[in-house]
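Asker: Kindly return the folded structure for what I paste below:
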Amino acid sequence: MIGGGDSMRTRCRAGRSTGESAVAGGSEVVAGTVVDPARDERRAVRVGVVFGLMALAAVVVIAGWLKFQVHAADEELQQRAQLLAAGRDGAVLLTTINHSDAEAKVEQILESATGVFLEDFRSRSQSFLATVRRAQSDTAGTVVEAGLESSHGDQANVLVVMSVKTSLAGTAAPPRLWRMRIGVQQVGQSTKVSDVEFLP
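Answerer: All right, here's what the predicted structure looks like:
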């Protein structure tokens, strides 16, 4: 029994010596498991790097999406401005006609037209020319106000208020205000007049 006690004490001392050696080596023994602080630190660094990369990727995606949205908004604004300008130009073209060069103006109107308005004006162009020449009519239109009434894709309706000066056989009349609804549509690289309506 005494010999057995000495043997147990010897094993306990050996165990303590081994534990002290493990602690001195930079590791800890916890319930039979060796914990390496250096390895835990490396794992924490790897996790931090992964989360950092994920956050960076999210920022890049969000920045790309915002850039796309801004670009799309700029394109829409530019398109609306082009449609509005086409409506204004169309109204000026239709209200500025001199009997001396009416034929050239009619050709210009036809070149700037499309759709229903093109077909309608083409069918009436000869009678229109005859009337302008016979009356020796000269008109000059100036835009007073213009704005988009509606737009959808590459088409829009533009409301235009025009101040129109008219002269018949050299006799000038006071300027009059004309209200017009000009339909415009993009055709290839151009924006053309697709419909014209005179409003009361």
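Asker: Which elements pack onto the longest helix along the chain?
Answerer: If you go by DSSP state H, the chain has its longest helix at helix 37-95. Helix 37-95 sits against helix 102-111, strand 137-152, strand 155-168, strand 171-187, strand 190-199, with contacts defined as 3 or more CB pairs under 8 Å, 6 or more residues apart in numbering; DSSP states H and E. (C-beta placed from N, C-alpha, C; glycine too.)
Asker: Can you tell me which of the ones you listed is packed in deepest?
Answerer: Among the helices and strands packed on helix 37-95, strand 155-168 has the highest mean neighbour count (mean count of other CB atoms under 10 Å), at a mean of 19.
Asker: List the pairing partners of it within its sheet, with orientation.
Answerer: strand 137-152 (antiparallel), strand 171-187 (antiparallel) (DSSP bridges).
Asker: who's in contact with the shortest one?
Answerer: What it means is strand 137-152. The contact list for strand 137-152 (CB atoms under 8 Å, 6 or more residues apart in numbering) reads 80, 83-84, 87-88, 91-92, 94-99, 131, 156-168, 177-178, 181.
Asker: hmm, try it at 6 Å
Answerer: Contact partners of strand 137-152, identified using CB atoms under 6 Å, 6 or more residues apart in numbering, comprise 80, 84, 88, 92, 95-99, 156-168.
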